[in-house]
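[1] coordinates only, sequence not included:
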Ligand SMILES: Cc1ncc(COP(=O)(O)O)c(C=O)c1O
């Protein structure tokens, strides 16, 4: 026994997906770009086409070691997973996961706090192809069993939920789904497998918008779905039929980002929590929606199931309105105003969730923050002067 626990995700993330037969001594797989792969003979071409092309050079759309290495690394980070498929964005990953388990006539149970494009895909594309959607309360827990009907084929979870950060009772929902043979899909982008190993907890398909923490540098769009045993073949076949392929250049950057994800997440989590606690003590704040704070709906599930928090959360401005919220955000100097999150920089956006089942009143308009890698004292000072602008705007 060496005494070294290479099962720790922070250790695994450094070498995961590396295969000497692909890269020899190269630490990170370089960019192999390809469309055409040449064969020595017609016989070899036919032989390759007949067999399983997984991890074999066949045609560019089936990938090269650059993509395979990142996919394998993400599989290794999800204990118990069978395989991972990569996509050109997180949104594409969500849609491929759904299409791999749904057929016309099926019903999808969709968490009401899901990321807006996921909800739109269900209401638009899935409906057009004869798949109905029923929204459920993110805090439903074991009560999901009562919603499962004859045609229910899949349950989509997102925990914590986009914009309002409810933490779902994943084990209770997984147990109800397994009892009825229903597939579960989770958007695990907020936690990543480092903070919530979804497949180990019984989820069938775990989605990441790698655009966020895997890439980590706000310069690449990328997505992944990691599948439990029994779900990978269907996911892969569906993704091939959809013509999905993530570019080698983007996957190369994804692999680069992945190596530092554990240490970045640690810092995002620590700084995010410090800022959230500071905000909770401010008179201008009605509520802080951060899974690690007791006020957050489903906080008890966070404490039970998660290994830590990342850097994204929201808070409500007490007695604020559109104008005073904009005054607050516009006054910030270190927080950029822009979509996405998971990069090294801090971001602030106004957040106005829309829900089929209605949005709870949080006591004021919401601001969503992503806490980056800047000095946390500087970030707090910046927010402090934002509150001065907020007060002036209301006066
Ligand atoms: C929770 C969540 N899931 C999925 C996505 C989609 O990812 P992408 O922007 O890479 O398409 C996002 C993007 O913001 C997100 O916040």
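    It's in. Computed from a predicted structure; not experimentally measured.
[2] Make sure residue 171 is indeed in a helix.
    Yes. Membership of residue 171 in a helix is supported by DSSP: H, G, I helix; E, B strand; the rest coil.
[3] Need the nearest residue in space to it, chain neighbours excluded.
    Excluding the flanking residues, the one nearest residue 171 by C-beta to C-beta, 6 or more residues apart in numbering is residue 201, at 6.5 Å. For the C-beta atoms, the positions are set from N, CA and C on the backbone; glycine is no exception.
[4] ditto for residue 166
    residue 138 (3.8 Å).
[5] and that neighbour, what are its phi and psi?
    Taking degrees, to the nearest 10, you get phi -60, psi -20 for the backbone angles of residue 138.
[6] Per-residue pLDDT of it, please?
    At residue 138, the model reports a pLDDT of 98.
[7] gap between residue 69 and the ligand?
    Distance, residue 69 to the ligand, by C-beta to the nearest ligand atom, to the nearest Å: 20 Å.
[8] again, but for residue 227
    With distances defined as C-beta to the nearest ligand atom, the gap from residue 227 to the ligand amounts to 17 Å.
[9] please begin residue numbering at 314 from this point
    Right, with 314 as the first residue, what we last looked at is residue 540.
[10] Assign residue 446 to helix, strand or coil.
    The three-state assignment at residue 446 reads strand, by three-state DSSP.
[11] Next, count neighbours for it.
    Number of residues near residue 446 (other C-beta atoms under 10 Å) recorded here: 19.
[12] Not counting its neighbours along the chain, what's nearest it?
    In space, not counting the residues next to it along the chain, residue 446 is nearest to residue 435; the distance is 4.1 Å by C-beta to C-beta, 6+ apart.
[13] Over to residue 348?
    Once flanking residues are discounted, residue 348 sits nearest to residue 373: 3.9 Å by C-beta to C-beta, 6+ apart.
[14] What pLDDT is listed against the one you found?
    Per-residue confidence for residue 373 comes out at a pLDDT of 95.
[15] What of residue 608?
    89.
[16] Which residue ranges of the stretch 464-613 of the chain form helices?
    Using DSSP state H, counting those that start in this stretch, the helices of the stretch 464-613 of the chain run over residues 483-492, 505-508, 545-554, 561-571, 574-593, 612-618.
[17] Isn't residue 414 up against residue 497?
    No. With contacts counted by C-beta atoms under 8 Å, residue 414 stays clear of residue 497, the gap being 9.2 Å.
[18] So the two - more neighbours on which side?
    Counting neighbours by other C-beta under 10 Å for residue 414 and for residue 497 shows that residue 497 has the greater number, 25 against 22.
[19] hang on, the earlier thing: give me the common contacts of residue 414 and residue 497.
    Shared between the contact lists of residue 414 and residue 497 (criterion: C-beta atoms under 8 Å, 6 or more residues apart in numbering) are residues 467, 517, 518.
[20] between those residues, which is closest to the ligand?
    Nearest to the ligand among those, counting by C-beta to the nearest ligand atom, is residue 518 at 13.6 Å.
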